[in-house]
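Novice: could you look at this predicted model? Sequence included:
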Amino acid sequence: MAQVRIEHVFKRFGPVTAVNDFNLTVEDGEFVSILGPSGCGKTTSLRMIAGFEKATEGEIYIGDHCVSSSSQNKFVPPENRDIGMVFQSYAVWPHMTVVENVAYPLKIQKVPKEERLKRVNEMLELVHLGEYGHRYPHQLSGGQQQRVALARALVAQPGLLLLDEPLSNLDAKLRESMRFEILSIQKALGITVVYVTHDQGEAMAMSDRVVVMSKGVVQQIGAPHEIYTNPANKMVADFIGLVNFMQGEVSDDRVYLQGTTASFPNTSGVSGSATIAVRPENITMSRGGGMLEGTLTHRFYLGDAVDYRVTVGDHDVRVIVKGADLKEFADGEKVYLDFEKVMIFDRE
Ligand SMILES: Nc1ncnc2c1ncn2[C@@H]1O[C@H](COP(=O)(O)OP(=O)(O)OP(=O)(O)O)[C@@H](O)[C@H]1O
Ligand SMILES: [Mg+2]
């Protein structure tokens, strides 16, 4: 329906650079998430695509149209960008019923009443709110209000759907079922989606590609599997999933784990001081001997796994063993660790 192209976009609020040289092409029909911690510039980026915020520098294209250009002094207002948007606070109008809320974008477009009602009803069916058309927002749960906002964003069949943390106010269970609802609506309508979230699980589960941001700067763009297994830097490794960071030193193309005799091949371009990173699920623990000797200090039972803390030299290492028995290892016991899929980064 619509490709989105963002080229060298900056947004400055006085001395604050909220978005710093953003470049991204979202393909037609693609689902792309912008993921990052609070204040990293997600909402600002989305609002610039929508036209609620004007980029200080750079160009934005939706389909074949340039909708924002600082060099050509061009700016297309949101209502002419063929977008649907759900805001972070999902603002539905309290004085309007569900039907009136959802019909509003069609009313603005002067769609005749009969056609309007038909499309609103179809949309309410799609978000499972067929029975709720006559209610006011205060008579709905948070999840139902969120679905009203979604229906309102979709009713005019925009080529591009922009969602800003649309599931943040829902409980864990509803959030999961809404993920599937949004994805099936997206597939059914063949719509392009840019989805903002700080929840890495949500971004990983829903997206074709994820844009990881920190402090206004894009850190990595890639498929969920790519950013998890091959993070571009320490920030991405830390933000996506769990990770142990340890200090190391590089010599002879090997990285030596500080305070231990363990070493790994240097698969990175790092020289001198390095940070060694390994995910807790990529460590095997045994009694029989291994790469590193340590002392088990804590055990946390997670139901489907046990989460251990092991002291190795100066390092406190987290090890997660799936399907393990809590009683398998005891506190204070001497254990051996083997690392797999070690990641090596520059020490900052
Ligand atoms: N109108 C504004 N004036 C000044 N600074 C702003 C304005 N809007 C946003 N900022 C700043 O820009 C930065 C990015 O804000 P933004 O709302 O894009 O973050 P976010 O990633 O959406 O965070 P959250 O996850 O908390 O919603 C923040 O430092 C914020 O304080
Ligand atoms: Mg935000």
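Specialist: That came through fine. In this text the structure is predicted, and so the values were computed from the model without any measurement. Residues are numbered from 1 along each chain as shown. Ligands and ions are numbered 1, 2, ... in the order given.
Novice: what comes up buried for the biggest helix by length in the chain?
Specialist: Longest helix in the chain by number of residues (criterion: DSSP state H): helix 172-189. Neighbour-count burial for helix 172-189, counted by 16 or more other Cβ atoms under 10 Å, picks out Leu174, Arg175, Met178, Arg179, Glu181, Ile182, Ile185, Gln186, Leu189. For the C-beta atoms, the positions are set from N, CA and C on the backbone; glycine is no exception.
Novice: in its sheet, what does the helix or strand that that helix is followed by sit against?
Specialist: If you walk from helix 172-189 toward the C-terminus, the next helix or strand you reach (DSSP states H and E) is strand 192-197. If you go by DSSP bridges, strand 192-197 pairs up with strand 31-35 (parallel), strand 160-164 (parallel).
Novice: gap between strand 192-197 and the chain center?
Specialist: Mean-position distance between strand 192-197 and its chain equals 9 Å (Cα atoms, centre = their mean, to the nearest Å).
Novice: follow-up on the earlier one: other SSEs contacting the longest helix of the chain?
Specialist: Under the contact criterion of 3 or more Cβ pairs under 8 Å, 6 or more residues apart in numbering; DSSP states H and E, helix 172-189 touches helix 142-154, helix 200-206.
Novice: tell me the mean pLDDT over the first one?
Specialist: Okay, so that is helix 142-154. Averaging pLDDT along helix 142-154 gives 88.
Novice: would you put the C-alpha positions of that helix in CSV?
Specialist: Extracted as CSV, the C-alpha positions of helix 142-154 are listed here (Å, rounded to 0.1, in the frame of the first residue of the first chain):
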residue,chain,number,x,y,z
GLY,A,142,-9.1,-0.2,28.7
GLY,A,143,-8.6,-3.0,26.1
GLN,A,144,-11.9,-2.3,24.4
GLN,A,145,-11.1,1.5,24.3
GLN,A,146,-7.7,0.6,22.7
ARG,A,147,-9.5,-1.5,20.1
VAL,A,148,-11.9,1.5,19.4
ALA,A,149,-8.7,3.6,18.7
LEU,A,150,-7.4,0.9,16.4
ALA,A,151,-10.7,0.7,14.5
ARG,A,152,-10.8,4.5,14.1
ALA,A,153,-7.2,4.4,12.8
LEU,A,154,-8.1,1.7,10.2
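Novice: list the buried residues of it.
Specialist: For helix 142-154, by 16+ other Cβ under 10 Å, it's Gly143, Gln144, Gln145, Gln146, Arg147, Val148, Ala149, Leu150, Ala151, Arg152, Ala153, Leu154.
Novice: list the contacts for the last one?
Specialist: If a contact means Cβ atoms under 8 Å, 6 or more residues apart in numbering, then Leu154 has Gly84, Met123, Leu126, Leu161, Ile185, Leu189, Ile191 as its contacts.
Novice: hang on, the earlier thing: and of the buried residues of helix 172-189, the nearest to ligand 1?
Specialist: The nearest member of these to ligand 1, counting by Cβ to the nearest ligand atom, is Arg175 at 15.9 Å.
Novice: list the contacts for the closest one?
Specialist: Counting by Cβ under 8 Å, 6+ apart, Arg175 has contacts Leu167, Glu202.
Novice: find the least confident helix or strand in this protein, judged by mean pLDDT.
Specialist: Lowest on mean pLDDT, DSSP states H and E among the helices and strands of the chain sits helix 172-189, with a mean of 84.
Novice: that one versus helix 142-154: what angle between them?
Specialist: 20 degrees (axes from the mean of the first three to the mean of the last three Cα atoms, to 10 degrees).
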